[in-house]
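Peer 1: have a look at this prediction, sequence included:
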Amino acid sequence: MKEVFLALVAGLIVGMLFKFLKLPLPAPPVFSAVVGVFGVYFGGVVLDWIMKLIQH
């Protein structure tokens, strides 16, 4: 949980810095792109879970 909080804080700081410097945000501008990134990560987690079930 600590890593998630630190990642959120780091992301907030980077987002504010980019906005302050009037640069484009280094992140997908559309919520569906963020959901897609989560889907890729979650797919990997699910496959690991399935592989552990198969091996036991």
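Peer 2: On my side now, so go ahead.
Peer 1: any stretches of this protein with poor pLDDT?
Peer 2: Across the chain, nothing is flagged by pLDDT under 70.
Peer 1: the closest residue to Leu25 other than its chain neighbours: helix or strand, and which one exactly?
Peer 2: Leaving aside its sequence neighbours, Leu25 sits nearest to Phe18 (Cβ to Cβ, 6 or more residues apart in numbering; 5.5 Å). Using the backbone N, CA and C atoms, a C-beta is placed for each residue, glycine as well. Secondary structure from DSSP states H and E places Phe18 in helix 2-20.
Peer 1: contacts for that helix?
Peer 2: By Cβ atoms under 8 Å, 6 or more residues apart in numbering, the list of residues contacting helix 2-20 from outside reads 24-27.
Peer 1: ranking by neighbours, what's the top pick from the residues you listed?
Peer 2: Counting neighbours by other Cβ atoms under 10 Å, the top entry in the contacts of helix 2-20 is Ala27, with 13 neighbours.
Peer 1: next, that one: phi, psi?
Peer 2: According to degrees, to the nearest 10, the main-chain angles of Ala27 amount to phi -150, psi 160.
Peer 1: how many neighbours does Leu47 have?
Peer 2: 10.
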